[in-house]
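Visitor: Just to be clear, the model below is a prediction. Sequence and coordinates:
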Amino acid sequence: MDSHPTQAFAPLRFDPLWRVIGWGLIAAVVWLSLTPTPLEVPVEQGDKLGHLAGYALLMFWFAQIDRMPAQRLRWAIGLIALGIGLEFVQSFTAVRAFELLDMLADAAGVLLGWLIAPPRGVNVLLRVEQVLGSSH
């Protein structure tokens with residue numbers, strides 16, 4: 001939970017930095033989705049866990065920055081669309097495959113990321129800013 005109710009929707013001090021990092025995370029997901037040598041998760045259906053974790057991280061990250069429900073809904077729709085789009089792009093490559101279960105794992109990850117985001121979970125970015133602010 002955010003430490004003070006008035007901080008729940010206050011802009012983050014390092015908002016531009018957090019957004020750049022977030023877009024870097026999106027670029028990493030795109031690259032990992034299209035590279036001919038994807039990361040291997042050494043468990044059965046490990047790629048589905050990777051999809052779930054990756055999209056949960058993306059949604060959690062941006063839900064800490066954009067905390068209004070309408071903003072989060074836009075992120076959720078956009079991230080789900082990204083997952084769907086990347087599956088279609090994979091179908092045009094020689095080394096990757098189109099999988100409906102990957103789309104489902106992506107969407108489940110988005111939902112998970114939203115559910116663990118503030119106010120139910122800790123706003124990690126706000127906490128980092130608070131710690132950095134108190135160290136001066």
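Guide: Yep, that arrived. Residues are numbered from 1 along each chain as shown.
Visitor: list the contacts for the nearest residue to residue 74 once chain neighbours are set aside?
Guide: Closest residue to residue 74 apart from its sequence neighbours, by CB to CB, 6 or more residues apart in numbering: residue 66 at 7.9 Å. For the C-beta atoms, the positions are set from N, CA and C on the backbone; glycine is no exception. Contacts for residue 66 were tallied using CB atoms under 8 Å, 6 or more residues apart in numbering; they are 72, 74-75.
Visitor: May I see the PyMOL selection of the buried members of those?
Guide: The following PyMOL line selects those of the contacts of residue 66 that are buried, judged by 16 or more other CB atoms under 10 Å:
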select buried, resi 72+75
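Visitor: Phi, psi for residue 41 please.
Guide: phi -100, psi 110 (degrees, to the nearest 10).
Visitor: Against residue 52, how distant is it?
Guide: Going from residue 41 to residue 52 by CB to CB, to the nearest Å gives 10 Å.
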